[in-house]
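Novice: below are the sequence and a predicted model; questions follow.
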Amino acid sequence: MRERIIAIIEQEFGNQLTIHKYNQYVPKLRDYFVPYLLEQNEFGKDIPEIFGKAFNRNCIIQSAVYYIQKNENVSSKSAIDDFLIALNQLFEHVLFIKYPNEAVERLTPFATLAVEVEDKLKHLGVALKEREAYPPIEQSQFKYLINHLEALNTNNFKAMSIRIVVKLLLLYGLNVDRISSMQVQDYDAARRVLKVHYRDFTDRVIQLELPFSLVVDLEVYMRLREEQNFQGLDLLFLKVSGKPVRHDLAHEFLSDVKIAYEKEFGEKIAGKNPFTLTGLQKYAIINMILEGMNQSVIIALTGLKEHVINDCQREVDKQSALNRNRYINYKIRGTKTFEMLSQ
């Protein structure tokens, strides 16, 4: 059984990945997820039975706990996220297709179970460092990202999905779950408006006036969506398979943009990666804060947690302090007192 599962991970899954993603996902799954499965006495040797029926929520959590406990190189809670993302990708790209398991599929993205993994580890006495917050993209990175978006194939349904969703993140900072739950009727083409429903009050909506670029993209997307023939499916944004878009929709695109950005500018990005969904959302939120938008309004619009907004506020405060320092020093250098004391 070990060889068969490794073949699934290395070949069926691994062959779909870039070299960068292969190195990011496959070793975690091959070296830790496979041994976890083999040590579970309740699992038989029938792989369809394991992934189609036996594998459940607790298995996801316990396999992540196993990874943290067995891997001596991890020290941060972000390692939990990394493992859960890798596992999620394996299921999304291979296992759900080969061995359907609706109970587990409803748990995607697996990264939402990270808190439960943390609780298990804490109970076991495993202490990990807190996660570093993902930074927002910078203005130069925003322009670079837009150029790559505009270069996507406008005749490709998936490419247009990515193009629109990324623009929604950059402009409105929307939670991906909020985007994935939008209905076809939430887009009013005649008025060029997109409706965002409040999480706790579905009868209350925010009507977003869309910029021309997004309207054009949506016109193309809706034509391509009709050609996909999603009969009876009312969700606005769907995968080619007809399933709702998930957090991994733009993952490959953003990873490729990051690699291209580092290659073009000749150096790796220092610190945490800004080319993430969170990095895009934070870029949008920072612009909202700079325009004076109230925090409660931002939370209502985006559907994001307060701590994300607070991260953005700290970034704005930091930028404001830098600008204020520059302005004050510039003015004081022009005073007679400064001139006299400089002689």
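Specialist: Yes, it's here.
Novice: isn't there a strand covering residue 132?
Specialist: No: going by DSSP: H, G, I helix; E, B strand; the rest coil, the assignment for residue 132 is coil, not a strand.
Novice: how near is it to residue 279?
Specialist: Note on residue 132: its distance to residue 279, by C-beta to C-beta, to the nearest Å, is 12 Å. To be clear about C-beta, it is placed using only N, CA and C from the backbone, and glycine gets the same treatment.
Novice: residue 4 now?
Specialist: 38 Å.
Novice: report the contact partners of residue 57.
Specialist: 103, 104, 107, 113 (C-beta atoms under 8 Å, 6 or more residues apart in numbering).
Novice: okay, those in JSON lines with neighbour count and pLDDT next?
Specialist: As requested, those are arranged in JSON lines below (neighbours: other C-beta atoms under 10 Å; pLDDT from 0 to 100):
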{"residue": "103", "neighbour count": "10", "pLDDT": "93"}
{"residue": "104", "neighbour count": "21", "pLDDT": "94"}
{"residue": "107", "neighbour count": "16", "pLDDT": "91"}
{"residue": "113", "neighbour count": "20", "pLDDT": "92"}
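Novice: of residue 4 and residue 279, who's got more company?
Specialist: Using other C-beta atoms under 10 Å as the criterion, residue 4 and residue 279 rank with residue 279 on top: 23 against 9.
Novice: how about the more buried one: what's its closest non-neighbour residue?
Specialist: Using C-beta to C-beta, 6 or more residues apart in numbering and skipping residues adjacent in sequence, the residue nearest residue 279 is residue 137, 4.9 Å away.
Novice: give me the low-pLDDT residue ranges for the protein?
Specialist: Filtered on pLDDT under 70, the chain yields the residue ranges 199-203, 320-327, 330, 343.
Novice: in it, which spans are strands?
Specialist: Applying DSSP state E to the chain gives strands spanning 187-188, 193-197, 205-209.
Novice: if you count contacts, what does the first one end up packed against?
Specialist: It stands for strand 187-188. On a contact count with 3 or more C-beta pairs under 8 Å, 6 or more residues apart in numbering; DSSP states H and E, strand 187-188 meets strand 193-197.
Novice: and the contacts of the strand it packs on?
Specialist: Here strand 193-197 makes contact (C-beta under 8 Å, 6+ apart) with 172, 174, 178, 181-182, 186-188, 204-210, 301.
Novice: what is the most widely separated pair among those residues?
Specialist: Largest separation among the contacts of strand 193-197 by C-beta to C-beta: 181 and 209, giving 20.5 Å.
Novice: same drill for those two, tell me which one is more crowded.
Specialist: The neighbour comparison of residue 181 against residue 209 (other C-beta under 10 Å) goes to residue 181, with 19 against 10.
Novice: re the thing from before, now, which of the contacts of residue 57 sits nearest residue 70?
Specialist: Using C-beta to C-beta, residue 113 is the member of those that lies nearest residue 70, at 18.5 Å.
Novice: show me what contacts the closest one?
Specialist: Neighbour list for residue 113: 57, 60, 61, 64, 84, 107 [criterion: C-beta under 8 Å, 6+ apart].
Novice: so which of the contacts of strand 193-197 wins on neighbours?
Specialist: In terms of neighbour count, residue 174 stands highest of the contacts of strand 193-197 at 25 neighbours, by other C-beta under 10 Å.
Novice: done for today, thanks.
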